[in-house]
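S.K.: below are the sequence and a predicted model for it; my questions follow.
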Amino acid sequence: MTATKKNRGPSWVANAIFYEVYPQSFLDTNGDGIGDLPGVIAKLDYIRSLGCDAIWLNPCFESPFGDAGYDVSDFYKVAPRYGTNADLKRLFKEAHKRGLRVCLDLVAGHTSTEHPWFKQSAKVAKNKLTHRYVWTDSVWQGAGLPAISGFSERDGAYVTNFFHFQPALNYGFAKPDPKKPWQLPVEHPDCLATREEMKNIMRYWLDAGADGFRVDMASSLVKDDTDFKETMGLWADMRAMYDSEYPEAVLIAEWSDPARAIAAGFHIDFLIHFNDPAYTSLFRSEPERVLFRFFENIPPSFFDSKGQGDIRVFLDYYLKHYRKTRGAGHISIPTGNHDIMRLAEGRTMDELKVAFTFLLTMPGVPYIYCGDEIGMRYVSGLISKEGGYNRTGSRTPMQWSSGKNAGFSTAKAKDLYLPIDPTKNRPTVETQETDPESLLNHLRLLSKLRRKHPALGGDGDFEPLYAEKNYYPFIYRRTLGAETIVVAVNPSAQAVSADIRPGKLSPNPMSLFSHGSTLKRTKSGWKITMAGISFGIFKFDAQ
C-alpha cells in the first residue's frame with residue numbers, strides 16, 4: 001500500500017512545527033481555575049517564540065466533560081468554561097496575525113450521550129436520527145461490540161467507542177450481517193447523512209478561520225472493517241472535500257498507521273503508541289509499564305541512559321511507513337501528548353536535549369506537547385479527573401513562573417483544574433527563558449536550525465548511516481538539493497564511536513550544533529566519537 005504522490009495538500013505543512021495546547025491546563029485568565037481561550041491568545045507570542053507555526057488545540061466544544069471534552073454535546077458551540085465562539089474566532093485571527101495556524105480536535109467517531117442527536121436517536125418513535133448511532137434491535141441482543149443496554153425507552157443497546165457515555169456514530173458496517181438488520185451498510189442513506197454532517201461541522205469551523213483538524217480515533221468509524229478498506233474510502237471522500245473547498249487546510253490522523261492513513265487522504269499521521277511498539281520503544285519504558293498496561297510488552301527505551309534500547313525496533317517500522325508515504329504525506333513523531341506519560345519522566349535535562357535533537361531533525365512534522373519544552377514531569381498519585389485515570393498526571397497545569405500556582409491561575413489551589421506539580425524544583429518558563437543552556441532555549445535553537453536548513457525539514461531525504469541492533473549511537477543523513485546534514489545522537493551514558501560513509505562530501509564539515517561529539521576524517525570515510533548523553537549536527541557540502 002503506497003500513498004499517491006499527487007496533490008500533497010497544503011504547501012505550509014512540510015515545514016511546520018506544531019504545538020499541542022491542552023486548553024484546560026494552559027492558562028486561566030478569569031480566575032476560575034480552568035484554562036481558557038483568552039489564555040491561549042495571551043500566549044501566542046510565546047508559542048511563536050518556540051519556532052512553532054501551528055497549534056493543535058485539544059477539544060474545546062461544549063461537553064459534560066466525562067472524558068475531558070472527547071464527549072462532545074455540541075460541535076458548533078465552544079464550551080462556556082473556555083469562552084465563546086467569538087473567542088475561538090478571535091484566536092484564529094490573532095494566531096494568523098503572527099503566522100500561526102490553528103487546528104481543532106475533531107471527535108468524529110462518537111459524541112456524548114448528552115448530545116441532542118443521541119437524545120433524539122434514543123426515542124422509541126422512529127425519526128431522522130434513529131440511525132445516527134449504532135443500535136441493536138433489542139436490549140437482549142448482543143452487539144458483538146462494546147454496548148450499553150437499558151439506557152433509554154428505546155428497545156436496543158447502543159455501541160460505544162470508549163466510555164459508556166460515548167455512543168458510536170453510525171458510519172455503517174463494512175460487512176453487515178444480513179441476520180442483524182441493524183448493521184447498516186456504509187452506503188445506507190442514514191450512514192451517508194452522518195458523514196455529511198461531519199463535513200458540515202468541518203466546513204463551519206474552517207469557514208470561521210480554523211486551519212484544519214486532528215481526527216480522534218480516525219480508524220474507528222466504520223465497524224467490522226478489518227482491512228480498513230471502507231474506512232479509507234470514507235476519509236478519501238472527506239479529503240476530496242478538502243481538496244475542492246479548503247486546499248490549504250490540513251487533515252491529521254490519530255491512526256498510528258501512516259501507510260494507511262496517508263493513502264486514505266490524511267496529510268499527516270501520528271506515529272504513537274497504537275498498533276506497534278515502534279514509538280514506545282524510543283521514549284517510554286519502565287515507569288509506563290507499571291502505569292499503562294498497554295505498554296507492558298515494549299522493549300527498553302532507546303532514549304535511556306542505561307543504553308539497553310534497540311533503535312531497530314523503531315527504525316524497521318518507521319522505514320516501512322516512510323518509504324510508502326514519501327512524497328505523499330508526513331509522519332509525525334511527537335514529544336508526547338495528553339494520553340501518555342511525560343517525556344521528562346525519568347530523564348535529566350541533558351537526556352531530554354538529546355531526545356529533542358532527534359525529534360527536531362527527523363523528517364515529517366514535529367509536535368511538541370505543551371510543557372514538554374521545559375521538561376514538565378508526570379505528577380503521580382492524582383485522582384482521576386474527567387476520565388483521565390492514569391493519564392491525569394500528564395495533564396497538570398502549565399508552569400509559567402515561580403508565582404502563585406506557577407503562574408497558571410489566580411484561583412485558590414483547591415479550585416484548580418488539577419494540582420500544580422508540587423516539587424520544589426519544578427521547571428518553569430520564567431526560569432528557563434533566561435538560561436541559555438535550558439531545554440527551552442535548546443528547543444528554540446533546534447527550531448531555528450530546522451528552518452534555516454531545508455535538509456532538516458519535512459521534505460528532506462532520510463537515510464540511516466549507523467543503526468545497529470542493540471548498539472549506540474544512532475546516526476542518519478538528511479539531504480535536500482546540495483545540502484547534506486548528518487545527525488548523531490547517543491542517549492546512553494557510555495561513550496561510543498561509529499564509522500560512517502556519507503558519500504562524496506566536502507572534507508571540511510561544519511558543526512551546526514553539538515555537545516560531546518567530534519567528527520574525524522578516516523581513509524574510508526568518517527568517525528564520529530561521542531561522549532555519554534551527547535549529540536552532533538554536522539553540515540556537509542557536496543563536492
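M.R.: It's in. Numbers count the residues shown, from 1 in each chain.
S.K.: let me see the contact set for the residue lying closest to residue 344 once chain neighbours are set aside.
M.R.: Nearest in space to residue 344, with sequence neighbours left out and distances taken as CB to CB, 6 or more residues apart in numbering, is residue 375 at 4.3 Å. For every residue, glycine as well, the C-beta is placed using N, CA and C. Residue 375 makes contacts with 343, 344, 347, 349, 352, 427, 439, as judged by CB atoms under 8 Å, 6 or more residues apart in numbering.
S.K.: can we see that at 6 Å?
M.R.: 344, 349, 352, 427, 439 (CB atoms under 6 Å, 6 or more residues apart in numbering).
S.K.: got a pLDDT number for residue 416?
M.R.: If you check residue 416, the pLDDT there is 98.
S.K.: what about it, how many neighbours?
M.R.: If you count neighbours by other CB atoms under 10 Å, residue 416 ends up with 21.
S.K.: tell me who's in contact with it.
M.R.: Contacts for residue 416 (CB under 6 Å, 6+ apart) come out as residue 33.
S.K.: how far away is it from residue 58?
M.R.: To residue 58, residue 416 is 18 Å away according to CB to CB, to the nearest Å.
S.K.: can you list contacts of the longest strand belonging to the chain?
M.R.: The longest strand of the chain (DSSP state E) is strand 526-541. Residues outside strand 526-541 that contact it (CB under 6 Å, 6+ apart) are 350-351, 354, 357, 473, 484-490, 493-500, 505-506, 509-520.
S.K.: how distant is that strand from the center of its chain?
M.R.: 29 Å (CA atoms, centre = their mean, to the nearest Å).
S.K.: quick one: buried residues of it?
M.R.: Neighbour counts over strand 526-541 (16 or more other CB atoms under 10 Å) mark 526, 528-530, 532-540 as buried.
S.K.: could these go into a markdown table alongside distance to residue 156 and pLDDT?
M.R.: Listed next are the buried residues of strand 526-541 as a markdown table, based on distance: CB to CB, whole Å; pLDDT from 0 to 100:
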| residue | distance to residue 156 | pLDDT |
| --- | --- | --- |
| 526 | 67 | 91 |
| 528 | 64 | 96 |
| 529 | 68 | 98 |
| 530 | 62 | 98 |
| 532 | 61 | 98 |
| 533 | 58 | 98 |
| 534 | 61 | 98 |
| 535 | 57 | 98 |
| 536 | 62 | 98 |
| 537 | 59 | 98 |
| 538 | 64 | 96 |
| 539 | 64 | 94 |
| 540 | 65 | 88 |
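S.K.: which of those residues sits closest to residue 97?
M.R.: Using CB to CB, residue 537 is the member of these that lies nearest residue 97, at 32.2 Å.
S.K.: coming back round to it: how near is the residue nearest to residue 344 to residue 362?
M.R.: Residue 375 is 20 Å from residue 362, where distance means CB to CB.
S.K.: re earlier: in helices, which of the contacts of strand 526-541 appear?
M.R.: In this view, the contacts of strand 526-541 that belong to helices under DSSP state H are 350, 351, 354, 357.
S.K.: can you give me the neighbour number for the first one?
M.R.: What it means is residue 350. Residue 350 has 18 nearby residues by other CB under 10 Å.
S.K.: how about the contacts made by it?
M.R.: Residues in contact with residue 350 (CB under 6 Å, 6+ apart) are residue 533.
S.K.: check what pLDDT it gets.
M.R.: For residue 350, the pLDDT comes out at 98.
S.K.: what's the answer for the third one, then?
M.R.: At residue 354, the pLDDT value in this model is 98.
S.K.: am I right that it is in contact with residue 493?
M.R.: No: under the criterion of CB atoms under 6 Å, residue 354 makes no contact with residue 493, lying 11.0 Å away.
S.K.: have a look at these two and say which one is more surrounded.
M.R.: Neighbour count, other CB under 10 Å: between residue 354 and residue 493, residue 354 has more, with 24 against 14.
S.K.: measure the more buried one to residue 236 for me?
M.R.: Distance from residue 354 to residue 236, by CB to CB: 39 Å.
S.K.: now residue 418
M.R.: Noted for residue 418: a distance of 39 Å to residue 236, by CB to CB.
S.K.: contact partners of stretch 512-520?
M.R.: Contacts for stretch 512-520 (CB under 6 Å, 6+ apart): 449, 488, 509, 526-531, 534-539.
S.K.: let's see that with 8 Å instead.
M.R.: Here stretch 512-520 makes contact (CB under 8 Å, 6+ apart) with 353, 357, 445-446, 449, 453, 485-486, 488, 490, 509, 511, 526-539.
S.K.: follow-up on the earlier one: possible to save the contacts of residue 375 as CSV with neighbour count and distance to residue 336?
M.R.: CSV is the format used below for the contacts of residue 375 (neighbours: other CB atoms under 10 Å; distance: CB to CB, whole Å):
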residue, neighbour count, distance to residue 336
344, 22, 9
349, 16, 16
352, 22, 11
427, 23, 15
439, 22, 14
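S.K.: most widely separated two among the residues you listed?
M.R.: Spatially, the most separated pair among the contacts of residue 375 is 352 and 427, at 10.0 Å (CB to CB).
S.K.: shared neighbours of those two, anything?
M.R.: Common neighbours of residue 352 and residue 427 (CB under 8 Å, 6+ apart) are 375, 439.
S.K.: residue boundaries of the strands in the stretch 201-350 of the chain?
M.R.: In the stretch 201-350 of the chain, the segments counted as strands under DSSP state E, counting those that start in this stretch are 212-215, 250-253, 268-270, 330-332.
S.K.: now mean neighbour count and mean pLDDT too, for those, in a markdown table please.
M.R.: A markdown table is the format used below for the strands of the stretch 201-350 of the chain (neighbours: other CB atoms under 10 Å; pLDDT from 0 to 100):
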| stretch | mean neighbour count | mean pLDDT |
| --- | --- | --- |
| strand 212-215 | 26 | 98 |
| strand 250-253 | 28 | 98 |
| strand 268-270 | 28 | 97 |
| strand 330-332 | 24 | 97 |
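S.K.: quick one, which of those strands is nearest to residue 91?
M.R.: It's strand 212-215; of the strands of the stretch 201-350 of the chain, that one is closest to residue 91 (CB to CB) at 14.3 Å.
S.K.: mind listing the strands that closest one pairs with, and their directions?
M.R.: Here strand 212-215 has these sheet partners by DSSP bridges: strand 101-106 (parallel), strand 250-253 (parallel).
S.K.: residue 45: which element?
M.R.: Here residue 45, judged by DSSP states H and E, is contained in helix 44-49.
S.K.: where does the stretch 1-150 of the chain have low pLDDT?
M.R.: The stretch 1-150 of the chain contains residues with pLDDT under 70 at 1-8.
S.K.: all strands of it, in order?
M.R.: Using DSSP E, counting those that start in this stretch, the strands of the stretch 1-150 of the chain run over residues 18-21, 54-57, 61-62, 74-78, 101-106, 147-148.
S.K.: chain center to the third one, what's the gap?
M.R.: Which is strand 61-62. The answer for strand 61-62 is 20 Å, by CA atoms, centre = their mean.
S.K.: kindly report the same for the second one.
M.R.: Between the centre of strand 54-57 and the centre of its chain there are 10 Å (CA atoms, centre = their mean).
S.K.: how about the helix of greatest length in the chain: buried residues?
M.R.: Determined from DSSP H, the single longest helix within the chain is helix 189-208. Under the neighbour-count criterion of 16+ other CB under 10 Å, helix 189-208 has 191, 194, 195, 198, 201, 202, 205, 206 buried.
S.K.: can you list the domain ranges for the protein.
M.R.: Following automatic domain parsing, one gets these domains for the chain: 13-109+192-450, 110-170, 461-541.
S.K.: including distance to residue 181, could the ones you listed go into TSV?
M.R.: Shown next, in TSV, are the domains of the chain (distance: least, CB to CB, whole Å):
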stretch	distance to residue 181
domain 13-109+192-450	14
domain 110-170	7
domain 461-541	50
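S.K.: among those, which is the most enclosed?
M.R.: Ranked by mean neighbour count under mean count of other CB atoms under 10 Å, the domains of the chain are led by domain 13-109+192-450, which reaches a mean of 20.
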